[in-house]
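Q: Turn this into a structure:
(chains A and B)
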Protein chains: 2
Amino acid sequence: MSQYHPLTEAEAIETARSIQEVFPTGEELVCREIGDGNLNLVFHITQPATGRSLIIKQALPYAKVVGESWPLSLDRARIESEALVKQGELAPGLTPRVYKTDTELALTVMEDLSDHVIMRRGLIDGGVYPLFAEHISEFMARTLFFTSDLGLNQQEKKRLVQSFINPDLCKITEDLIFEDPYFDADTNSIEDPIRDAAEAIWQNEALLLEVAYLREKFLTRAQALLHGDLHTGSIFITPESTKVIDPEFAYFGPIGFDVGAVIANLLLNYASQEHWSGEDASRRDRRVYLLNTIRDIWTQFEEKFRRLWNEHGVDRVSRAAGYQDDYMRRLLQDTIGFAGAKTVRRVYGLAHVADIDTIPDAAARERAQRMALAIGTGLIMRNRQAESIEDVIRIAKQASGD
Amino acid sequence: MSQYHPLTEAEAIETARSIQEVFPTGEELVCREIGDGNLNLVFHITQPATGRSLIIKQALPYAKVVGESWPLSLDRARIESEALVKQGELAPGLTPRVYKTDTELALTVMEDLSDHVIMRRGLIDGGVYPLFAEHISEFMARTLFFTSDLGLNQQEKKRLVQSFINPDLCKITEDLIFEDPYFDADTNSIEDPIRDAAEAIWQNEALLLEVAYLREKFLTRAQALLHGDLHTGSIFITPESTKVIDPEFAYFGPIGFDVGAVIANLLLNYASQEHWSGEDASRRDRRVYLLNTIRDIWTQFEEKFRRLWNEHGVDRVSRAAGYQDDYMRRLLQDTIGFAGAKTVRRVYGLAHVADIDTIPDAAARERAQRMALAIGTGLIMRNRQAESIEDVIRIAKQASGD
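A: Numbers count the residues shown, from 1 in each chain, chains lettered A, B, ... in the order given. You can find the predicted model right below:
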């Protein structure tokens, strides 16, 4: 069974049965394929008699997006699996457990998190996650610090860089986040009413220059092992628990790219609150909640990252007076720039977000889209001058009029 | 013969004989081992009857420096060989021809350049190289541009990054250039008369902060495939010809590190002109020549790099208005910062330069050392504010009083 082929359900069950720690007893297993079929097969294996379960995720050798299919390296399954394991070591409890990986078959057998919800869905449904800022700041501070030259022996880091070279998946980011939204690319998916806003972005030379800087950072700045796709669709959540999944975009890049991804997706949800009709108090409450969460994420992330640096910093040079303060200031600026780029592309690039796309009322949806663009471009234009997370709060409030 | 072992002279001759393009006829070959025995064996193979010759360079599995021996990966021979081949493709005529490589034996068979001199020696002996600025700017512009995300498909670049991960050799740079000179490290080799100057550097917090920034760039900024050790000891030269050798430190790093290395070593020679006694006009002539060469190198490098970008740029985003100007300004600033760091470490770090160390008069040598430190620290302090190569010229002139 070791040569690559897409698993049948029978093979998935056979694989699952070999995981003794989940299925120590021989009762019947049931398999359901629950993937979206675009990039991966996802088998959900349950044992009705015991209530036990697990997930098998297997990469497909192609990607299907907008009807097209292009080849995609199976090596991404190795990268995802190794990143999951590494992140699980560095941030215990904040990732699914990995029971087994098979590089040949490009699969990972892991903990079933069906008792959690995908955070994007949870936020759309009005969920409140009081521990999320604490958990995600912990996840980011630990996974990013301990894979950076600040927290990891520099030679070991280089070997990790080598094993996380990820050309195929990085190309998706390079195209869909940093290039296509900034000209009239075929991949864009622009709703007619906001075409003028997209065109204004294509004409904004100062903005295009900032995007060129951000893309350069994505291409060249190997600071730490990123998750690489840390939006609210890559997070399983309950009020008590946070689990970060799907690190197939993992590679060594700029730390602010991960932090910015989380913030961008909260801001997209912030803009989507236009779905409330009239002067609904719920809209304001949700927005206050989201902005407080953003503030808490950055504040706690910064505090934890600095604490790790002070306690576990591996080298002498980075203790130079003033260096840490400057590093954190630049990290905030990167975060804000990447948050902006990740917000813009979700409005009219190839892949939108359900937060906004599912607003049924066309006028409300358009308001949300324009607001998200105002926030995104505001962050991009501000990034290199930003001094505080309050810059983000202010830009969001200005865009919404709150 | 394929399992690794240091070659005997007989084996070196046998290897040489297999290179038909150099030795098509069967006359006797003579072998002489001419390496310094610290890192590599270097066999010079000649055929007295025909006057033909070649070089075999073989890596040793350890480094001997200051009496100590530490293990060093033989993979550096593969890296050196692959870098030589790549640089030879990108900058034809500016590297030695490679006839053969053997990864198992960690050896490269290459063109004999005995008709050239090592440029450091040539400069010490008063050589003038009117084509050097043209050649080295061409070498750097082409090898750096075409291995950067500006001139190479970004996915192909990532695969190159992967094959040029070079932890062992980078560690030498990280320690000896960016760390040890900035505290009272055992590896430093400080002549007593200038100990006060070294101590002043260790106390200079603003300078230590700049060094932390430069080191961060060396560690994280994968801009292009660097030579990595581009000092005047890595250049074979005649008035008509320039050949860049020994790229065993090659890795993907900040472009300014290579450009800065060339400039630093010209500045060290500039400082060494203190060896002339009294008001010797030769001193001034040499300094004018060296500063003109530095100006020409940067000016021609910038012009060529921009031309390559305009003619061969691979992507749309980097054509954003103002981006190229800003990129080149930052590249100059990096160049100046790295030139400073490379100058300082050559005065009292582990590895000095013959330009200064061979000055017999102790007072003149001390003047040269202090001048080099004044130039090096001046460049480091200036780097992020620099706007023009004239900043370098001015700092050098101020330090020498010329």
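
Q: ok, now which ones touch the residue most central in space within chain A?
A: By Cα atoms, centre = their mean, the mean C-alpha position of chain A lies nearest to residue A:230, the distance being 1.2 Å. Under the criterion of Cβ atoms under 8 Å, 6 or more residues apart in numbering or on different chains, the neighbours of residue A:230 are A:140, A:244, A:258, A:261-262. Quick note: C-beta positions are derived from backbone N, CA and C, even for glycine.

Q: C-terminal to the helix or strand of chain A with the lowest mean pLDDT, what's the next element?
A: For chain A, the helix or strand with the lowest mean confidence is strand A:68-71, at a mean of 68 (criterion: mean pLDDT, DSSP states H and E). Elements were assigned by DSSP states H and E; along the chain past strand A:68-71, the next helix or strand is helix A:75-90.

Q: where does stretch A:350-369 sit relative to the chain's centre, distance-wise?
A: Once both centres are worked out by Cα atoms, centre = their mean, to the nearest Å, stretch A:350-369 turns out to sit 20 Å from its chain's centre.

Q: which residues are contacting it?
A: Among residues not part of stretch A:350-369, those counted as contacts by Cβ under 8 Å, 6+ apart are A:65-66, A:120-121, A:123-124, A:176, A:180, A:187-189, A:191, A:193-194, A:197, A:231, A:233, A:265, A:268-269, A:271-275, A:277, A:345-348, A:372.

Q: quick one: buried residues of that stretch?
A: Within stretch A:350-369, the residues that qualify as buried by neighbour count (16 or more other Cβ atoms under 10 Å in any protein chain shown) are A:350, A:352-356, A:359, A:364-369.

Q: Kindly reformat these as CSV containing secondary structure, distance to residue A:335 and pLDDT.
A: Formatted as CSV, those follow (DSSP: H, G, I helix; E, B strand; the rest coil; distance: Cβ to Cβ, whole Å; pLDDT from 0 to 100):
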residue, secondary structure, distance to residue A:335, pLDDT
A:350, coil, 23, 94
A:352, coil, 22, 96
A:353, coil, 19, 97
A:354, helix, 24, 97
A:355, helix, 20, 98
A:356, helix, 22, 98
A:359, coil, 27, 98
A:364, helix, 29, 97
A:365, helix, 27, 98
A:366, helix, 28, 98
A:367, helix, 26, 98
A:368, helix, 23, 98
A:369, helix, 23, 98
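
Q: Out of those, which is nearest to chain B?
A: Each of the buried residues of stretch A:350-369 was checked against chain B using Cβ to the nearest Cβ; the closest is residue A:350, at 16.5 Å.

Q: Need the per-residue pLDDT for the closest residue to residue A:295 other than its chain neighbours.
A: Excluding its sequence neighbours, the residue lying closest to residue A:295 (Cβ to Cβ, 6 or more residues apart in numbering or on different chains) is residue A:389, at 5.6 Å. Residue-level confidence at residue A:389 comes out at 98, pLDDT.

Q: Let me know whether residue A:389 touches residue A:332 as I believe.
A: Yes: with contact defined as Cβ atoms under 8 Å, residue A:389 reaches residue A:332; the gap is 6.8 Å.

Q: Quick check: neighbours shared by the two?
A: Shared contacts of residue A:389 and residue A:332 (Cβ under 8 Å, 6+ apart): residue A:298.

Q: picking that back up, from the buried residues of stretch A:350-369, pick the one nearest residue B:319.
A: residue A:350 (22.0 Å; Cβ to Cβ).

Q: any chance you could map the helices in the stretch 101-250 of chain A?
A: Secondary structure of the stretch 101-250 of chain A (DSSP state H, counting those that start in this stretch): helices located at A:119-124, A:132-145, A:154-163, A:167-176, A:195-203, A:205-220.

Q: if we can go back for a sec, now the phi/psi pair for the residue nearest to the centre of chain A, please.
A: The phi and psi values for residue A:230, taken as degrees, to the nearest 10, are phi -90, psi 60.

Q: Check what pLDDT it gets.
A: For residue A:230, pLDDT reads 98.

Q: Give me the nearest residue to it, chain neighbours excluded.
A: Distances taken as Cβ to Cβ, 6+ apart place residue A:261 nearest to residue A:230, at 4.1 Å, with adjacent residues excluded.

Q: Around chain B, pick out the residues from the stretch 251-400 of chain A.
A: A:315-318, A:320-323, A:326-327 (Cβ under 8 Å from any Cβ of the partner chain).

Q: could the helices of the stretch 101-250 of chain A be laid out in TSV, adding mean neighbour count and distance to residue B:91?
A: Supplementary listing: those in TSV, determined by neighbours: other Cβ atoms under 10 Å in any protein chain shown; distance: least, Cβ to Cβ, whole Å:
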stretch	mean neighbour count	distance to residue B:91
helix A:119-124	22	50
helix A:132-145	24	38
helix A:154-163	17	26
helix A:167-176	20	25
helix A:195-203	15	38
helix A:205-220	21	22
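
Q: If we go by neighbour counts, what in the longest helix belonging to chain A is buried?
A: In chain A, with assignment by DSSP state H, the single longest helix is helix A:281-312. Across helix A:281-312, burial judged by 16+ other Cβ under 10 Å covers A:283, A:286-287, A:289-291, A:293-298, A:300-302, A:304-306, A:308-309.

Q: quick one: the following helix or strand past that helix to chain centroid distance?
A: On the C-terminal side of helix A:281-312, the closest following helix or strand by DSSP H and E is helix A:323-348. A distance of 14 Å separates the C-alpha centroid of helix A:323-348 from that of its chain, computed with Cα atoms, centre = their mean.

Q: So what sits opposite residue A:63 in the bridge?
A: Assessed by DSSP bridges, residue A:63 has beta-bridge partners residue A:70.

Q: Give me the nearest residue to residue A:197, chain neighbours excluded.
A: In this structure, residue A:197 finds its nearest non-sequential neighbour in residue A:373, 5.2 Å apart by Cβ to Cβ, 6+ apart.

Q: Distance-wise, check the one you found relative to chain B.
A: In this view, residue A:373 and chain B are 19 Å apart by Cβ to the nearest Cβ, to the nearest Å.

Q: How about residue A:91?
A: In terms of Cβ to the nearest Cβ, residue A:91 sits 22 Å off from chain B.

Q: Quick one: residues contacting that residue.
A: Residues in contact with residue A:91, defined by Cβ under 8 Å, 6+ apart, are A:138-139, A:142-143, A:244.

Q: Packing partners of the longest helix of chain A?
A: Under the contact definition 3 or more Cβ pairs under 8 Å, 6 or more residues apart in numbering or on different chains; DSSP states H and E, helix A:281-312 sits against helix A:132-145, helix A:255-272, helix A:323-348, helix A:390-400.

Q: buried ones in the last one?
A: Spelled out, it's helix A:390-400. Within helix A:390-400, judged by 16+ other Cβ under 10 Å, the buried ones are A:391-392, A:395-396, A:399-400.
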